[in-house]
Every structure is written in structure tokens, then in C-alpha cells.
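S.K.: Just the structure for this:
(chains A and B)
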Amino acid sequence: MFSILRSMFLVFIHLFRKKVTLQYPEEKPVLPARWRGRIILTRDPDGGERCVACYLCAAACPVDCIALQAAESADGRRYPEFFRINFSRCIFCGYCEEACPTYAIQLIPDFEMSEYDRRNLVYEKEHLLVDGEGKYKGFNFYKVAGLAITGKGKGEGENEEPPVDVKSLLP
Amino acid sequence: MAIIYIENKPYQAPEGKNLLNACLSLGFNIPYFCWHPALGSVGACRQCAVKKYRDESDTRGQIVMSCMEQVAGGLRISIDDPEVREFRASIIEWLMANHPHDCPVCDEGGECHLQDMTVMAGHAYRRYRFKKRTYANQELGPFINHEMNRCIQCYRCVRFYRDYAGGRDLEVFSAHDHVYFGRHDHGTLESEFSGNLAEVCPTGVFTDKTLKKHYTRKWDLQSAASVCVHCGLGCNTLVAERYGSVRRILSRYNGAVNGYFLCDRGRFGYEFLSSAKRIRRAAKRNSASGAMEPADKKIILRSIKEIIAGGRVIGIGSPRASVESNFALRRLVGPDNFYSGMSAAEEELTALSIRIMKSGCASFPSLRETEKADAVFVLGEDVTNTAPMLALALRQSVKNRAAASLKKNRIPEWDNGSLCVIKDEEPGPLFVASLLPTRLDDAATRIFRGSPTQIARLGQAVAHAVNENLPAVSGLEQAVAKLAEEIARELTEASAPLVVSGAGCLSGPVMEAAANIAAALAAVNPRAGLFLALPESNSFGLGLLSGKPLDQAFQRAEKGEVRAAIILENDLYRRSEKKRVDRFREQCRHVIVLDFIDTATAAKAEIILPTAPFAEADGTLVNNEGRGQRFYRVMDPEEDCRPGWRMLAEIMEYAGIGDAGQWTTIDDIIAGLCAEEPELQGMREIAPPAEFRIYGQRVPRQPHRYSGRTAMKAHEDIHEHKPALDFDSPLTFSMEGFRSGPPPSLIPFYWSAGWNSVHALNKFQAEIGGPLRGGDPGIRMVGSSHKNFEYFKPAPVTPTPGGREYLLVPYFRIFGSEELSVLSPSIAGRIPGNLLLMNESDAKRIGAGNGSLVRVAVADAGASLAVKIDPGIPEGVAGYPAGMPGVEFMNLPAWGAITEGG
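M.R.: Now for the predicted structure:
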């Protein structure tokens, strides 16, 4: 008898608690920046594509829903010729973001991707690539990589000596 | 075998080998860089350190480099000792101090020996806070990409390129920590084996430039075992595919054939597979407009049925089609109507070489065994251009004399540093008798240059000098007679003499002379060997099937006995004079061409059926030493393409010929072949049958980390398709199946836990550098157990025609003379151009200079070519660029006229 009354009391005082339920979609939830939702491809501070098509995201993906093809542009930068994510398979685990050596692929707090037709869940590069840096500001892979690209010759990267003069025997 | 103790446990290891090799063979993991099984030890990188103990009571031990330590009984070592582990970790830390932060954009990433070794040695974090060293790169031509920043100074590249492959234009420059590996200036790497740098380099300094065009990581490549189709040696390859196109070729280790390496034609020729000249759709000529129009395969099969029902059908096979395809064609048209499709000279030489091998006149070493020869005589073959990997093997043979003298001084054979010091002081005997200058001349002891007749006469003189009972050659010049004496002396004194010849100068008497020498040597030395090179990937296999050259088909057509011809993967314009092929085409009412590239022959066909090239078909090729080897498809053929044998089986089924309806898999065809050809019984044993399973599982073509399965085709269809089925082999187009230790002929790629690079091969070999576990794949079809050799009689000397006639001899080029590889853009960039090679005085006589156009005319054909003056060419002889793109066929060697002006 006592326990029944206690339960009723407990349920009753919940009426005065703060509500957790949101009136979605009229009311939008506030999600933390690191919430794992829709996947985007970002750009570096200079506006260049961050993705260098290294295939690490594809290899890390446990459901194998990322497919891409590497290519090299005339200025020496690697980029994905196509980049496809099949969101009907994606489990939003974030492993791709973790694997990405250039901060290109990022999961953002957007989950509104429902579709009536599964085919619309196949995102190509034009659907994924955004114009900003996303969560990780300031990183530019080619500044720290040894590879030369147009505008950044050998030895012009961060923490690099100028190229060796092969003809010099000086110490 | 000696007992050595590793971590106090006894193991058996071969005495005299180096310790690193022995430990890796036993399955231990020791990191290493400068050591390579084919290149030996120099002890430069200090990475393979282990601790060596004096005896049981020794607890301190000393750190030694395992690659420089010899295996001896009672040797006690520790690989896991904390001190030596720390030593190895600090070595790699130093190596990594200047290594760039490049892996995501590096083509080696994911199959990098440096990555593997860094993980193995345990270095994880860069403590060095200072700036990284950088280098400028060089443009090294269409095959190899250069990214010098990544170099860890292991010296493997120059050791391979210069000491192993005999190249001269890759060097190490500068000093101390500025050491630079490259050319003296930008420019194409000259060596025919430069592609191996991509495999030899432990990191990403030298990478495959053709792979870069459509870059894919190793873990994403679907691979299968294959056999190179670009010459007659049958080197083993690994073909890798992604998104329906072949991405690269790697060397597949075969301890009896190519070992660790491949030539550039074999490695980069694959790009022809995606050439615009590929035929992918069945087509039929519109009788009204005369244009080729794609047509439904059913309609085409119906037309073919009608043509076959009309009778008088002949089949023309091809030395570049598999044994199965040629056999299927022979079955379709009947043995009497089957022609090999080889020119008369090719056919004769192939038959001759098979006859010689069957006679058992000498031992017939495998390609890899030729490396062990200690005296070599090459007759009439420019091996670098016709059988490139043989040239690489012969370059190793000249070191054997130096190696023997090392042995005398108790220096182990694997001590490459010592070998390189003395190899040039005591080069082994290598005699080259050729029509024209060859790429092997720089390694030769003596060079003889002459016409095929003169080479044959020299050969017969050598045979006479070896065995006096053989007829002497009369009227020999003093110098030639002296040379013959010298060659004979060196060959007789050698412990493993080798005679090399082949179809390279298209002369039977030369090959006969070579056989005579080898037989005369073998009578006194059972190790005396004969190696005969053949022009195409399945010349030998076709030679076993048929004995009728193309000319006989032409003769039959001349008599009006041919109504229709079915031509299998063969461009007749490469095998006979244009006039004769054109005439043959006119005489045949119907010409059906089955091919995968659009050749001049296909352009004149009435019906074209697309067959599948090596990457999309299964089949067997028989190499020049009679070794039958199976190749597997790496992907299913696209559109209408089918393997030649399957297409022919479909025709037979549709036309109701024979028991073809039962030919559903390659195993059925092989069973049919074995029933008809008792000689080819070995075909059954070459590879496991399609039903072969390991614990009920197939062997996967995809690595376990194959990515993108649920996305790669999602843009076409959101539903994931079932993987293609394979009824012809125990392989599967999947990542599921049995991985560890498939039979050697099935190995689709090399991978082992912790070993992602090509060095994972270590785990597949019974002994490092030796045969694969389970034996090297391939079966030699021709045995030579009994001897029934009769010495060939010297050919009579044909009189030299007078007047202004020149002896036109063919010359071949590694890049240019082979039909398929020239369609590869990277190889096309290396084709030297169609040049007539002439001596300066000859050129002057006709008033021509370098680059001026001349007209060449022999009996049945003529051509206009630019002249190139080459001082190495004898007077009265001119080199004709046989088989090069755009060069007309001529029946060479022949006497012809050269006149100025196109």
C-alpha cells in the first residue's frame, strides 16, 4: 500500500520538473558541435579542397559506405575525382573523421536527412563539399606536407629547410 | 643445416646463409631496409640489429647486424632483447627525422616497407624538434615518379639499377646528410628495368607513374595471378583492378621464372587494356553501306552459323591467344583446317625449338637458373629487346666468376659489398654474336657482329672446337676462328655453361648451331644448358597444337578452297606481306575476327566478336621453356567480351558442332584438350580445378580491408549486387574466403599481418629467395628424359648477291616491337621511331644522312623509312624495325635494295 502511494507521489511531482521533450520540428534541438550527424567535406583556410583522396576514411568505414577516386590537378594537389557516401548504409560512427589526416571529412550536428527514396541518400561530392573549414580552423595540409604544389615549392612548408644543393660539399 | 639458438630455443638454419635471411625464413620479424633477397647484404642501414651471445653463459652479448652475420652451428642470438629493441627503435627514429609528413598523398602509403618497419620497430612519436631536410625532384620519364624528400638513404635503388640491372643513368650524388639519388639531370630513365625501382624502394621515392594516373590503395585493389603476355618468357604478374579498370601490374614471384623483378614492358604494357582501340561490342558489316555496325550477339551468332554451314571454313589461331582458345578454334574448324597464324619463319623456329627441347640434347635451364651460368654464349638474339628478363638474368651470370673467387677467399656469397668491388675486375665470360649492336654489349667479353649465316658459321666452328668429331667450318677468317677457339675454351672450362639463342634473327641455322654447341658441351658436362627465346607469350603452346603456318592457309585460299576464315586474336598484317594478306581477304568471302583490339585485320572483317584480354579471361600460356602457366581473370569481362575459348564454345553450341555444349568451364576444355593431345597431359596439373576448396572456402581476390562495397555502385543502383560468380577457378570476387596459404598458383596478392608492402612475399616463400611454399607454379610440358639428338649439319653458305643489294635484318625494340604494349600511352612515349639502321659508309653511298628518307624494297614488300647512322652496324647490312607500329611486314632477313628518297 505504502509503495503504491509512494509511486503515485513520485509521478505526481514530475509534473513540476523541467520538460525534456521538444516540440520538434517547430522547436529545434541545440546539439553540441561534436555531435555526429551529416558528413561534410571542408576546405582549407585558403579555400582549397582539404580532401587529398588518401582513402583512409573509406578504409576506416565499418560499413564500407564511402567510395572515391583519387586524381591530381595540374597544380600538384591531390583531390577526389568523385566522392560518394551512401547514407542509407552510414551508421554515423565517426571513424572516417577520426581517420582523416587533413580534417577534410567532418561530422556535423545536422541529422535532418530523412528521405522517402533511398536513392536520394547517395551523396556525391557536390552534396558533401562545403565552402568553410568546419570545426577545425586553420589547418592546411599542404603547409606541413613535403609535397610541392603550385604556390608552395620545396622547402617552403612549415618547419622545412630550403632544398638541398646537391652540388655543394659544404657541411 | 646448422642448429642456431634464438631466444635460447634451437632452430635449424642453412649454414653459410646470412642470419637475417635465416631468421625471416624461420618466420621471425626483423626490420630491415638495405637488405634485399636479390641484392644481398651491405650492412648500411643498421636496422636489422640482433644480439649475439658467445655461449650459454654469456649474458651481456653484443649487438650485430643480422644481415652481415653468417649462420654457423651453435650461434646464439636474441631478437627480443630490450637493449637491441631500443637500438632498432632509435635507428628508425633517426631515419624518420627527415621523412616528410606525406603518407596521405604518397602512393606508397598502405604498402610501404618504411611504414611497416616503423610500426615493427616501435617508433611512434617524432621527438626531433628541428626543421626537415628537403630535396628538389626530377622528372624521370613516363614510368617512374620521383619524390626525393621521402628518401631514407638505404641505397637499394642504385644497387638495383646499377649493380643488378646494369643501368648507368641513376646515381647517388652529394655527401653526408645531403645524399641524393637521381639522374645527373632531368630525363627519362634509360634502363629497361626501371619500373622495379617502385618495388625495390622501401618508401615512396620511386613510385609507379601509371598507377598515379588512377591511384588506388593496395587494400582497395582486387587482384589475381596472371602471366605477362608481352614476350615469350612468361614472367608471372599480379594484375590489380578497381572500378572495372586495371590499375597496375606487380611482379608475382616465381622462383623458377622471373624471381622478384619484371621488365618495363611487362609492368607498364597493361595500359593497352583501356586503350581506345579495345573492341567491346560485337559488330557486323552492313552489306549496303560497308560500315561496321554494332549488332546483337544472337544475330551475329546466327550469321556465323550460316557461314559455318556453308562449309570450307578455316581457322587461324594466334601465338598471343591462350592454349584453350587455340584449341577451341581447332575443334571448331577441325585439325585439317586449323592454321597457327604464325609466319613461316616463326612457325619453323618454334617447331625447331620444340624439337630441340624434346631431343634432350642438353639441360634446359629455367629463366632463373640462367643466372647461375658461369659462361654464356648468345647467338643472334638481342635479348634485352626480345626477352628482356633474360638479359637481366645474364647480367647476373657475369658476376659468378667474381662470386666464385669470393668463395675461395671464404667471403660469403651474399656479401654484396665485396662482390661489387671485384665484379668488374673479373667479369664472367659472356660472348654475344648478333646481327646488330645489342643492349648487352657493355657486359660482353667479346662481341661478334655478322649476318645470320656468319653467326651460324661461328656457332658451328665453336661446336667443332668443343667436339672435334663435328664437321669443321671451312674458309673461316683467322679472327673468327680464333674467337671460336676462345669461346669453346671458356664454355668447356665452365662448370655451368649456357648457350642462348632464339627466334630473334629469324634464322634456323643459328638455332641449330646453338643446339649443336649445347649438345657437344652436354656430352662432357651434364650441367651445360641451352636457352631458346621465342617471340610471343604462347608461341610454344601453339607450336604444340599445330604445325601449319599462315602461308599454307594463303595457298589454300589461292586454290579457292577457302570460303570463310575465322581469325582468332591475330593481326595477319604483322605476319605476312600486306599484298598477300589483302589478296587472302579478297579470296575469302567471309572473314570473322575474334579479337580484343582493333587491328588492321579486324578493320577488314565482316564480323567482329570481342574477346577478353588476359585481365578478363582465364587461360594457359606456355612460355619459351615449355612451362605451362595459368592466368586468372581479375574482373569479369564487360559488355560482349568473352574469353576466346568461351566465345568459340558459344559459336559451337549455337552451330551444333561436336560436344561443345558440354564446354561450360575452362576445366571442361582442358579435359577435352588432354583427351586429344596426349602431349599436353600436364595441363591438368598446372592449377587446381574450379572445385578446389580449402576448408570448404574459395580464395578471395580482394584484401580483407577492401573498401567502398556499399557505395561504389550506389549511383547506378542503390541495391547492392551479388558479387560476380566464378565457375572457372577456385578464386572468388569477394573479400570472404580462405586467406592464409593458398596454393602458389592461386596467390592473388601478398599480404601478411604487419607486412603490407611487397615484402609480405617473405611469408609465402619456403625459404627467402627460394621457391614458394608448395613449389613454384607452372609445369613444364616437354620433358627431355631420353636423348635422341642428332647433330644438325651446317647449312650451306648461300652466295651473296652482287650489285647494290643490302642484307636487311630485323631489329626489335623492347618498346615498340610488341603489338599490345605499344597501345599503352606510357610505353608509346618510349618508342624510338621507325628508323632504318645503317653504317655510315653505306648511307654515304646512297647519298643519305641521319634522318633522310630512303626507300627499302625486298621481293614482295617495300617501305619508306628514315635513316639512322649507327657505327656498330657492319657494312652491307641494314637494320629494319620489324613489328614497330606503322612498319610494314617484310620477310626478313632478306636481300633488298635501298634507294634514296621516299
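S.K.: what about the nearest residue to residue A:107 once chain neighbours are set aside, how many neighbours?
M.R.: Excluding the flanking residues, the one nearest residue A:107 by Cβ to Cβ, 6 or more residues apart in numbering or on different chains is residue A:36, at 4.3 Å. C-beta here means a position set from N, CA and C on the backbone, and glycine is covered the same way. Neighbour count for residue A:36, taken as other Cβ atoms under 10 Å in any protein chain shown: 17.
S.K.: Provide a list of residues in contact with the residue lying closest to residue A:113 once chain neighbours are set aside.
M.R.: Leaving aside its sequence neighbours, residue A:113 sits nearest to residue A:38 (Cβ to Cβ, 6+ apart; 5.7 Å). Contact partners of residue A:38, counting by Cβ atoms under 8 Å, 6 or more residues apart in numbering or on different chains, are A:87, A:107-108, A:110-111, A:113.
S.K.: Residue B:575 now?
M.R.: Counting by Cβ under 8 Å, 6+ apart, residue B:575 makes contact with B:341-343, B:346, B:550, B:889.
S.K.: so residue 89, which of the three states?
M.R.: If you meant another chain, say so; for now it's chain A. coil (DSSP: H, G, I helix; E, B strand; the rest coil).
S.K.: Sorry, I should have been clearer: chain B.
M.R.: Three-state assignment for residue B:89 (three-state DSSP): helix.
S.K.: Residue B:669 too?
M.R.: Quick answer, by three-state DSSP: residue B:669 is helix.
S.K.: Looking at it now. What's its pLDDT?
M.R.: Listed pLDDT for residue B:669 reads 93.
S.K.: Quick check: pLDDT value at residue B:795.
M.R.: Note on residue B:795: pLDDT of 81.
S.K.: Could you tell me how many residues sit around the residue in the stretch 301-450 of chain B positioned nearest to chain A?
M.R.: Here the residue of the stretch 301-450 of chain B nearest chain A is residue B:420; by Cβ to the nearest Cβ that distance is 23.1 Å. Neighbour count of residue B:420, defined by other Cβ under 10 Å: 17.
S.K.: my read: it touches residue B:163, true?
M.R.: Yes: with contact defined as Cβ atoms under 8 Å, residue B:420 and residue B:163 form a contacting pair (5.3 Å).
S.K.: give me the residue from chain A nearest chain B.
M.R.: Counting by Cβ to the nearest Cβ, chain A gets nearest chain B through residue A:146, at 2.6 Å.
S.K.: any idea how far the residue most central in space within chain A is from residue B:416?
M.R.: Nearest to the mean C-alpha position of chain A, by Cα atoms, centre = their mean, lies residue A:106 at 1.0 Å. According to Cβ to Cβ, to the nearest Å, residue A:106 and residue B:416 sit 50 Å apart.
S.K.: Residue B:52 too?
M.R.: 21 Å.
S.K.: next one: residue B:310
M.R.: Residue B:310 is 66 Å from residue B:416, by Cβ to Cβ.
S.K.: re the thing from before, quick check on the contacts of residue A:38: which are buried?
M.R.: A:87, A:107-108 (16 or more other Cβ atoms under 10 Å in any protein chain shown).
S.K.: Now the element after the helix or strand where residue B:390 lies, going C-ward?
M.R.: Secondary structure from DSSP states H and E places residue B:390 in helix B:388-397. Scanning forward in sequence from helix B:388-397 by DSSP H and E, the next helix or strand is helix B:400-408.
S.K.: which strands and helices sit next to that next one?
M.R.: Under the contact criterion of 3 or more Cβ pairs under 8 Å, 6 or more residues apart in numbering or on different chains; DSSP states H and E, helix B:400-408 touches helix B:416-422.
S.K.: Check which helices and strands the helix it packs on sits against.
M.R.: Using 3+ Cβ pairs under 8 Å, 6+ apart: helix B:416-422 touches helix B:400-408.
S.K.: tell me which residues in the helix it packs on are buried?
M.R.: Judged by neighbour count (16+ other Cβ under 10 Å), helix B:400-408 contains these buried residues: B:400-403, B:406.
S.K.: how many degrees apart are that helix and helix B:388-397 in direction?
M.R.: Interaxial angle of helix B:400-408 relative to helix B:388-397 (axes from the mean of the first three to the mean of the last three Cα atoms, to 10 degrees): 40 degrees.
S.K.: starting at the chain centroid, how far to helix B:400-408?
M.R.: 29 Å (Cα atoms, centre = their mean, to the nearest Å).
S.K.: Can you tell me what sits against that helix?
M.R.: With Cβ under 8 Å, 6+ apart as the criterion, helix B:400-408 contacts B:372-374, B:412-413, B:415, B:418-419, B:422-423, B:425-429.
S.K.: coming back round to it: more neighbours: which of residue B:52 and residue B:416?
M.R.: The residue with more neighbours, out of residue B:52 and residue B:416, is residue B:416; 23 against 19, by other Cβ under 10 Å.
S.K.: out of everything not next to it in sequence, what's closest to the more buried one?
M.R.: Residue B:416 sits nearest to residue B:40 (Cβ to Cβ, 6+ apart), 3.1 Å away.
S.K.: From chain A, how far off is the one you found?
M.R.: 28 Å (Cβ to the nearest Cβ, to the nearest Å).
S.K.: next one: residue B:754
M.R.: 17 Å.
S.K.: need the contact list for that residue.
M.R.: Taking Cβ under 8 Å, 6+ apart as the test, what residue B:754 contacts is B:29, B:116, B:119-120.
S.K.: and residue 154, what is it in contact with?
M.R.: Here I'm looking at chain A. A:146, A:148, A:160, A:162-163, B:134-137, B:149 are the contacts of residue A:154 under Cβ under 8 Å, 6+ apart.
S.K.: that answer is for a different chain, and I need it for chain B
M.R.: Residue B:154 makes contact with B:33-34, B:44-45, B:202, according to Cβ under 8 Å, 6+ apart.
S.K.: Next, give me the two most distant ones among those residues.
M.R.: Among those, the pair separated by the greatest distance (Cβ to Cβ) is B:44 and B:202, at 12.3 Å.
S.K.: Comparing those two, which residue is more hemmed in?
M.R.: Neighbours around residue B:44 and residue B:202, counted as other Cβ under 10 Å, are more numerous at residue B:202. The numbers are 29 against 18.
S.K.: which one is that one nearest to, not counting chain neighbours?
M.R.: Nearest in space to residue B:202, with sequence neighbours left out and distances taken as Cβ to Cβ, 6+ apart, is residue B:113 at 3.7 Å.
S.K.: Would you mind confirming that the one you found is in contact with residue B:759?
M.R.: Yes: between residue B:113 and residue B:759 there is a contact at 5.6 Å, judged by Cβ under 8 Å.
S.K.: re the thing from before, okay, now the residue nearest to residue B:416: neighbour count?
M.R.: 24.
S.K.: pLDDT value on it, please?
M.R.: Confidence for residue B:40, expressed as pLDDT, is 92.
S.K.: cool, the one 4 residues further on as well?
M.R.: Taken from the predicted model, the pLDDT recorded for residue B:44 is 89.
S.K.: For it, give me its contacts.
M.R.: Contact analysis of residue B:44 by Cβ under 8 Å, 6+ apart lists B:34, B:154-155.
S.K.: try it again with 6 Å
M.R.: By Cβ atoms under 6 Å, 6 or more residues apart in numbering or on different chains, the contact set of residue B:44 is B:34, B:155.
S.K.: Show me which residues of chain A sit near chain B.
M.R.: Selection of chain A residues close to chain B by Cβ under 6 Å from any Cβ of the partner chain yields A:52, A:54-55, A:58-59, A:64-67, A:70, A:78, A:84, A:86, A:89, A:101, A:118-119, A:122, A:144-147, A:154-155, A:159-161, A:163-164, A:166, A:169.
S.K.: Buried ones from these, can you make that a ChimeraX selection?
M.R.: For the buried members of the residues of chain A next to chain B, the matching ChimeraX selection, counting by 16+ other Cβ under 10 Å, is:
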select /A:52,54,55,58,59,64,65,66,67,70,78,84,86,89,101,122,144,145,146,147,154,155,160,163,164,166
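S.K.: partners of the residue nearest to residue B:416 in the sheet?
M.R.: Note on residue B:40: beta-bridge partners by DSSP bridges are residue B:36.
S.K.: ok, the closest residue to chain A within the stretch 1-150 of chain B to residue B:150 distance?
M.R.: For the stretch 1-150 of chain B and chain A, the shortest gap (Cβ to the nearest Cβ) falls at residue B:100, measuring 2.6 Å. Separation of residue B:100 from residue B:150 (Cβ to Cβ): 6 Å.
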